[in-house]
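Engineer: Pasting the sequence and the predicted coordinates here, then a few questions.
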Amino acid sequence: MKKFNLTTADQMAEAALKKAKEFGKPISVGIVDSGGYLVCFKRSDKGKIGNISIAVDKAWTAVAFQGDTEIYQQKTQPSEPAFPLHFTNECRPVFIRGGLLIKINGEIMGGIGVSGGSGEEDVACSKAGLSALY
């Protein structure tokens, strides 16, 4: 297992972009550290600018709430008690698929977030990014 740093974050982002090419989707990928601060960001050619903040905020949400973003997707629907979480932290949380925790030996090191594909594709790209670390 590698250390989590700028070099490995860059490798993770590249792995996510490579996976996105398999889907034929331009994505944005953001990687944050354990404090939620941006370490690395990359966007595919022709990636939508609207996906930039979504990708970074998915990574941030995974760290801030200490869990992959998809586990909160159902819990934060309008009819659910956790719905107001959308409006916390200056409306930064993104509770949709694609944000994963980065852990080494059980310790949270950061988060990776992908936006630009379907939820399933975003998760696959995030997992590809994680595989570059592990």
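Structural biologist: Cool, the structure landed. Numbering: from 1, shown residues only.
Engineer: So which residues of this protein form helices?
Structural biologist: 6-23, 50-64, 70-73, 119-133 (DSSP state H).
Engineer: mind listing what the residue nearest in space to the middle of the chain touches?
Structural biologist: The centroid of the chain falls nearest to residue 113 when counting by C-alpha atoms, centre = their mean (1.2 Å). Applying C-beta atoms under 8 Å, 6 or more residues apart in numbering to residue 113 gives the contacts 29-32, 54-62, 69, 94, 98-100, 126. For every residue, glycine as well, the C-beta is placed using N, CA and C.
Engineer: By mean pLDDT, flag the weakest helix or strand of the protein.
Structural biologist: helix 70-73 (a mean of 92; mean pLDDT, DSSP states H and E).
Engineer: That one: which residues count as buried?
Structural biologist: Going by neighbour count (16 or more other C-beta atoms under 10 Å), the buried part of helix 70-73 is 70, 72.
Engineer: For residue 89, give its distance to residue 95.
Structural biologist: Distance of residue 89 to residue 95, given as C-beta to C-beta, to the nearest Å: 12 Å.
Engineer: Same drill for the two, tell me which one is more crowded.
Structural biologist: Set residue 89 next to residue 95 and count neighbours by other C-beta atoms under 10 Å: residue 95 wins out with 21 against 14.
Engineer: Not counting stretch 63-73 itself, show me its contacts.
Structural biologist: For stretch 63-73, the surrounding residues in contact (C-beta under 8 Å, 6+ apart) are 32-36, 58, 61-62, 82, 85, 89, 92-101, 108, 110-111, 113, 119, 123.
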